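K.L.:
Have a look at this prediction, sequence included:
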Amino acid sequence: MEEYHREMRALGGRLLDVFFTALGLTDDQIAAGETERKIRETLTATIHPIMYPRCPEPEHAIGLPAHTDSGFITLIAQSPVPGLQLLRRGPDRWVTVPAPPGALMVVLGDLFQVLTNGRFRSALHRAAVNRERDRISVPYFLGPPADMKVAPLASAMPPWTKAAFRGVTWAECMVVKQKALAMGASALAMVQVAEEGEESGSAA
Ligand SMILES: O=C(O)CCC(=O)C(=O)O
Ligand SMILES: [Fe+2]
């Protein structure tokens, strides 16, 4: 288990660097960037295995309702039974993710959207059940320590853009999410910085 943690955390760190590179940062900037380094070095992980039993009426059931994850990156290992679905936009439709043996699914979470000032978006996903086979999914949630404030990275914002989100901790993000759920609102909209002339998106 310790080895799994070590390897998955290291993979998470490497993926963060891949995304930082995609944002336009050079290797030197990634190595020298204090926030980038802090984020990589303090990554915390939670494993939350789920077993979805086969279901006689899958069309009337859902394994896990539509949601976005709250952390930075989720790495999902799953039994070779498809069930994870992603919402594809325009036209909106649920797409089932293939489940080849040994593959890991990478899902971006809300705090990664905040960190990259919306340049990478958290993915709305859900889990369906099926009639024939049980399915096991082992999501590995990577995020910041619960009390670290995550705000848009300066390196993710070209000089002419403003921060679209205020700083928020993972713990606060979960509270905002519960509030959003109760109000039928979007959690990210609640931590969004209002444009001039707009009402504030504060959760308070
Ligand atoms: O069943 C799955 O693969 C998805 C699990 C998931 O999205 C979650 O636990 O947040
Ligand atoms: Fe999820």
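P.N.:
In hand now; what should we look at? Numbering: from 1, shown residues only. Ligands and ions are numbered 1, 2, ... in the order given.

K.L.:
drop to CA atoms for contacts and neighbour counts, all remaining ones
P.N.:
OK.

K.L.:
Give me the contacts around the longest strand along the chain.
P.N.:
Using DSSP state E to define each element, the chain has its longest strand at strand 135-143. With contacts defined as Cα atoms under 8 Å, 6 or more residues apart in numbering, strand 135-143 is touched by 8-9, 12, 43-54, 71-83, 111, 129, 170.

K.L.:
Which residue ranges of the chain form strands?
P.N.:
Ranges of strands within the chain are 44-47, 50-52, 64-67, 73-78, 84-88, 93-96, 104-108, 125-127, 135-143, based on DSSP E.

K.L.:
Dump these to a markdown table, plus mean pLDDT.
P.N.:
Shown next, in a markdown table, are these (pLDDT from 0 to 100):
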| stretch | mean pLDDT |
| --- | --- |
| strand 44-47 | 94 |
| strand 50-52 | 97 |
| strand 64-67 | 92 |
| strand 73-78 | 96 |
| strand 84-88 | 95 |
| strand 93-96 | 96 |
| strand 104-108 | 96 |
| strand 125-127 | 96 |
| strand 135-143 | 97 |
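
K.L.:
before we move on, the earlier item: what pairs with the longest strand of the chain, parallel or antiparallel?
P.N.:
strand 44-47 (antiparallel), strand 50-52 (antiparallel), strand 73-78 (antiparallel) (DSSP bridges).
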